[in-house]
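# from the sequence below, what's the structure:
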Amino acid sequence: MPSDENTFEIWSILMQARAGAYNVRRKELLESGITPEQAGILNILYMEKNSIVTPAKISKIFLREPHTVSVTLRGMEAKGLLELRKDLERRNMIRVVITKAGEKARNSAFMMEKVQKVFEDLSAEEIEQLKTLLKKIRDKSMIELSTPKIKTNYDLNILHNYDQEISFTDKT
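Below you'll find the model as predicted:
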């Protein structure tokens, strides 16, 4: 287990790396007129297009609060990127469906040339190590959030399923 000093240093580096990579991605997406969050949601919808997708499912996969996802979804619907449809069988359930414009935006956003440059100095082995370590951090964080003091309903299986389905080399 790292010391408090090492833990703080690791945390600081992780936050700096996240902020740097996020801003590279945000800048890259400016041309598309969408945010990294919107690109992520479009990718979830694309990956899950053969199943029922609800705002709750998106919030679980995306690790965001449901109200935050709902606000983002309404903005995306206004841009024509997706449709929010009431379920005819369960009227209190909303289905989220990607539109043709959303698929086009997702495909455009999936071209991550500037983000790829962030990782270009890493070997294939280092990339695999990084993915493994980040997943461990993510999963341990979700376990910590699930302690009785903080009530959450995170199901790690949904994240692992998403990890297996997503492929960052897919350029479709």
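# low-confidence ranges, the protein, go.
88, 91, 148-172 (pLDDT under 70).
# chain center to the lengthiest helix in it, what's the gap?
Under DSSP state H, the helix in the chain containing the largest number of residues is helix 4-29. Relative to the centre of its chain, helix 4-29 is centred 16 Å away, using Cα atoms, centre = their mean, to the nearest Å.
# now the helix or strand following that helix against helix 4-29, angle please.
Where DSSP states H and E defines the elements, the next helix or strand beyond helix 4-29 is helix 36-47. Put simply, helix 36-47 runs at 80 degrees to helix 4-29, going by axes from the mean of the first three to the mean of the last three Cα atoms, to 10 degrees.
# helix or strand for Arg74, which one?
Short version: Arg74 belongs to helix 66-78, going by DSSP H and E.
# contacts for stretch 78-86 next, please.
33-34, 38, 41-42, 45, 73-74, 76-77, 93-99, 101-102, 105 (Cβ atoms under 8 Å, 6 or more residues apart in numbering). No exception for glycine: its C-beta is placed from N, CA and C like everyone else's.
# dump it to PDB, keeping only the CA atoms.
Only the C-alpha atoms of stretch 78-86 are listed here, as PDB (Å, rounded to 0.1, in the frame of the first residue of the first chain):
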ATOM      1  CA  ALA A  78     -32.300  19.300 -29.400                       C
ATOM      2  CA  LYS A  79     -29.300  19.000 -31.700                       C
ATOM      3  CA  GLY A  80     -30.900  16.000 -33.400                       C
ATOM      4  CA  LEU A  81     -28.300  13.500 -32.200                       C
ATOM      5  CA  LEU A  82     -30.700  11.200 -30.500                       C
ATOM      6  CA  GLU A  83     -34.400  10.700 -29.700                       C
ATOM      7  CA  LEU A  84     -36.000  10.200 -26.300                       C
ATOM      8  CA  ARG A  85     -38.900   8.000 -26.700                       C
ATOM      9  CA  LYS A  86     -41.500   6.900 -24.200                       C
END
